[in-house]
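**Q** coordinates only, no sequence provided:
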């Protein structure tokens, strides 16, 4: 709307002007002055000046929209919108905040309204009530939550949004005061009430209460079962035919891991050509040497190794106890002075209270025949009634693309339970469970390689890799917990 600037003189007596005054845009009809000479009225517009505080103008139409705008005398203008705000705009839960309304003028300036002149209503969010004076009272929340209120003044309405801050983590409805973060309970159990969300409940039947699972950072709706270690036994040779174990620490927190290199103590189990003096190295993902150990008792933290209850049984064997940041790691087991023999490399998850996990564990080495095949021992930990789904793979021919010239060309894979019973076997992975393995994203790249997908209850398992028709070569055995 265009503006008309009107000028006038103040007088002290009542006057009436019957003739209309017009411009290109407005007509002022039947003007009259009040006795104080501070108001000029007509059937269509009212123009006012205050007695103090400088010059201002007020305009009203047939359905009056009355505003005060400083700096102008008799200016006609449009109110184009209403604006709603809150102060504070971030209010702690169960506390009030003052709502304000302002009219937005066509030149983008604003004119504040008295909150009591506005009609207030709740649109959404944790608002309990809004008083006639525009004071919004909030309720408790389990996380920072937006709240929206509506204000209406005469013929215009608008909404305003503010944030209710979760200032206490344990005060939300029926979840309040139970020692568990309300947001964690809502994440896994939904809005209260829910009896399964209580601190002493064990909703997934894994032997850990919700309180314990909250402290550990684990999922209370999925049994806390995980891969604890894989121990691979095979003949350790020299050069590229050493024993190489890889594992990945997932999550956001560092994980305490024990890696062992076992050799001479195997003679007590009937292994005549055990690796006499193993040496163990731990490398980061880029191949950098993180640390190494020859004889475990010479390690600076030998006392801590002993305290794990997993110290090697022979002083010549190796152990590395390290707290590792999330990432990929490689442990290499070789013999001192290129010694050869049967050896074992093992990786243990020592801190199950940390939500980070050993997501997959693999071992590479030379697969021979008879007793010198590759034997991987897998431990699944937990007491749950459900079983995690694990994929075990035997990789051979696809290693050629990585420069391994003597790769095992046709690996066979067997999976045995803790009593030695055969529970699954596979030669070429596409012959069994092709769709399931592809869906897991773990399909081998060569059709001759082997894979087994199996739900494994907590316990000990053994994966055996050998070559078809007694062939030999370098292969990898690996285990993935796909229920992360």
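**A** Everything's here; your move. If you're wondering where the values come from, they're calculated on a predicted model, not measured in any experiment.
**Q** let me know the average pLDDT across stretch 374-382.
**A** When the per-residue pLDDT values of stretch 374-382 are averaged, the result is 76.
**Q** tell me how far that stretch lies from the chain's centre.
**A** Between the mean C-alpha point of stretch 374-382 and the mean C-alpha point of its chain there is a distance of 29 Å (C-alpha atoms, centre = their mean, to the nearest Å).
**Q** can you give me the strands in the stretch 301-450 of the chain?
**A** In the stretch 301-450 of the chain, the strands defined using DSSP state E, counting those that start in this stretch lie at 318-324, 327-335, 341-349, 357-367, 374-381, 389-395, 411-416, 422-426, 450-455.
**Q** which strand residues bridge residue 477?
**A** Beta-bridge partners of residue 477, counted by DSSP bridges, are residue 363, residue 394.
**Q** report how many residues lie close to it.
**A** When neighbours are counted by other C-beta atoms under 10 Å, residue 477 registers 28. All C-beta atoms are positioned from the backbone trio N, CA, C, and that covers glycine.
**Q** can you list the low-confidence ranges for this structure?
**A** For the chain, the stretches with pLDDT under 70 are 1-78, 107, 206-207, 222-230, 251, 352-361, 381-387, 483-484.
**Q** hang on, residue 396 packs against residue 446?
**A** Yes: taking contact to mean C-beta atoms under 8 Å, the distance of 7.5 Å between residue 396 and residue 446 places them in contact.
**Q** what about these two, which has more around it?
**A** Using other C-beta under 10 Å as the criterion, residue 396 and residue 446 rank with residue 396 on top: 27 against 18.
**Q** for residue 456, give me its contacts.
**A** By C-beta atoms under 8 Å, 6 or more residues apart in numbering, residue 456 lies in contact with 378, 380, 387, 388, 389, 390.
**Q** quick check: it vs residue 314, distance?
**A** From residue 456 over to residue 314 the distance is 31 Å, taken as C-beta to C-beta, to the nearest Å.
**Q** repeat for residue 338
**A** In this structure, residue 338 and residue 314 are 20 Å apart, going by C-beta to C-beta.
**Q** neighbour count winner among those two?
**A** Between residue 338 and residue 314, counted using other C-beta under 10 Å, the more crowded position is residue 314 (20 against 10).
**Q** coming back round to it: from the contacts of residue 456, pick the one nearest residue 345.
**A** When these are compared for distance to residue 345, the smallest value, 13.6 Å, is given by residue 378; criterion: C-beta to C-beta.
**Q** run a quick neighbour tally on the closest one.
**A** Residue 378 has 24 neighbouring residues, counting by other C-beta under 10 Å.
**Q** residue 188 belongs to a helix, doesn't it?
**A** Yes: using DSSP: H, G, I helix; E, B strand; the rest coil, the secondary structure at residue 188 is a helix.
**Q** which residues touch residue 130?
**A** Applying C-beta under 8 Å, 6+ apart, the residues near residue 130 are 99, 120, 121, 122, 136, 137, 149.
**Q** at 10 Å instead, please
**A** 96-97, 99, 115, 118-122, 136-137, 149-151 (C-beta atoms under 10 Å, 6 or more residues apart in numbering).
**Q** just residue 87 next, same as before
**A** 97, 98, 99, 100, 162.
**Q** what's near enough to touch residue 299?
**A** Taking C-beta under 10 Å, 6+ apart as the contact definition, residue 299 lies against 291, 292, 293, 305, 318, 319, 320, 321.
**Q** now with 7 Å, please.
**A** Contacts for residue 299 (C-beta atoms under 7 Å, 6 or more residues apart in numbering) come out as 293, 305, 319.
**Q** could you check how far it is from residue 257?
**A** Applying C-beta to C-beta, one obtains 14 Å for the distance of residue 299 from residue 257.
**Q** how many neighbouring residues does residue 85 have?
**A** Residue 85 has 17 neighbouring residues, counting by other C-beta under 10 Å.
**Q** ugh, typo on my part, it should be residue 423
**A** Counted with other C-beta under 10 Å, the burial measure for residue 423 works out to 13 neighbours.
**Q** quick check: it touching residue 413?
**A** No: counting by C-beta atoms under 7 Å, residue 413 is not a contact partner of residue 423; they are 11.9 Å apart.
**Q** can you list contacts of stretch 151-159?
**A** Contacts for stretch 151-159 (C-beta under 7 Å, 6+ apart): 63, 65, 81-84, 99, 101, 113, 117-120, 123, 148-150.
**Q** my bad, should have said stretch 290-297
**A** Stretch 290-297 is contacted from outside by 279-284, 299, 302, 305, 311-312, 315-320, 322, 336, using C-beta under 7 Å, 6+ apart.
**Q** which of the residues you listed are buried? Put it as a PyMOL command.
**A** Here is the PyMOL command that picks out the buried ones among those, judged by 16 or more other C-beta atoms under 10 Å:
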select buried, resi 279+280+281+282+283+299+302+305+311+312+316+317+318+319+320
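**Q** so which of the contacts of stretch 290-297 are in helices?
**A** Filtering the contacts of stretch 290-297 for membership in helices, criterion DSSP state H, returns 302, 305.
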